[in-house]
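Enquirer: no FASTA, just this:
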């Protein structure tokens, strides 16, 4: 193992904006959840039409 590796790897105490999860308002969390759901729905629709998202010839796709 690398000596400079952090001891708390795998733990996320903050999100991309730098605000801790506990400090986020319920409205902000709801909005983020809704955006995630919309993204997943859009990607599911796209993959249903286009097939797998892979450039590997074994799987085909893109």
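Expert: Everything's here; your move. Quick caveat: nothing in here was measured; it's all calculated off a predicted structure.
Enquirer: And residue 31, how far from residue 24?
Expert: Using Cβ to Cβ, to the nearest Å, we find residue 31 at a distance of 10 Å from residue 24. (Glycine included, C-beta is placed from N, CA and C.)
Enquirer: got it, and residue 43?
Expert: Going from residue 43 to residue 24 by Cβ to Cβ gives 24 Å.
Enquirer: average pLDDT across the helix or strand harbouring residue 31?
Expert: Secondary structure assignment for residue 31, by DSSP states H and E: helix 26-50. When pLDDT is averaged over helix 26-50, the result is 93.
Enquirer: And that helix, what does it pack against?
Expert: Based on contacts counted as 3 or more Cβ pairs under 8 Å, 6 or more residues apart in numbering; DSSP states H and E, there is no element that helix 26-50 packs against.
Enquirer: buried stuff in it?
Expert: Residues of helix 26-50 classed as buried by neighbour count (16 or more other Cβ atoms under 10 Å): none.
Enquirer: So that it lines up with my notes, have the first residue be 671 from now on.
Expert: Taking 671 as the first residue, the last one we looked at is helix 696-720.
Enquirer: For residue 723, which three-state class applies?
Expert: At residue 723 the chain is in coil, as set by DSSP: H, G, I helix; E, B strand; the rest coil.
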